[in-house]
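[1] sequence and computational prediction follow.
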Amino acid sequence: MNKILVFITLSDNGIETIKSNPELPKKEMEFVNLWKEEGILESFFISVTKKDAVLIFQNIDESKTKELIEALPYFPYMAKIEYHLMNKQF
């Protein structure tokens with residue numbers, strides 16, 4: 001089964017902005033929870049520092065994945081985004 005792994009790193013300034021605005025994390029999680037309910041987000045990980053995140057999407061293509069990531073409230077604060085097409089082995 002094909003998956004798309006998205007690795008996101010927030011900028012240092014972005015983390016400070018997010019921490020100073022408690023509404024931003026709430027809005028971000030609304031997207032994540034909706035994608036989980038829709039069955040397109042298989043897994044979601046956040047680093048202990050909260051600077052990095054890994055999302056594993058399923059049942060959608062890379063262009064749709066990019067579109068979803070660009071709609072996130074945190075998108076303006078992302079310093080790096082990597083998309084990796086994966087084949088699940090087990």
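    Sure thing, it's come through.
[2] now do residue 49: how many residues are near it, please.
    Number of residues near residue 49 (other CB atoms under 10 Å) recorded here: 8. Every C-beta, even on glycine, is put in place using the N, C-alpha and C of the backbone.
[3] give me the three-state assignment for it.
    Here residue 49 is coil, with the state taken from DSSP: H, G, I helix; E, B strand; the rest coil.
[4] got the phi and psi for it?
    With angles defined as degrees, to the nearest 10, residue 49 sits at phi -80, psi -10.
[5] what's near enough to touch it?
    Residues near residue 49 by CB atoms under 8 Å, 6 or more residues apart in numbering: none.
[6] any idea how far residue 33 is from it?
    According to CB to CB, to the nearest Å, residue 49 stands 22 Å off from residue 33.
[7] ok now the longest helix along the chain, how far from the chain's centre?
    Taking DSSP state H as the criterion, the chain has its longest helix at helix 23-38. Mean-position distance between helix 23-38 and its chain equals 10 Å (CA atoms, centre = their mean, to the nearest Å).
[8] what comes up buried for that helix?
    Within helix 23-38, the residues that count as buried by 16 or more other CB atoms under 10 Å are 24, 28, 31, 35.
[9] angle of the very next helix or strand once past that helix against helix 23-38?
    Using DSSP states H and E, the next helix or strand after helix 23-38 towards the C-terminus is strand 41-46. Note on geometry: by axes from the mean of the first three to the mean of the last three CA atoms, to 10 degrees, strand 41-46 and helix 23-38 are set 150 degrees apart in direction.
[10] what's next to strand 41-46, contact-wise?
    Under CB under 8 Å, 6+ apart, the answer for strand 41-46 is 3, 32, 35-36, 52-58.
[11] most neighbours among those, which one?
    For the contacts of strand 41-46, neighbours tallied by other CB under 10 Å; top is residue 57, 24 neighbours.
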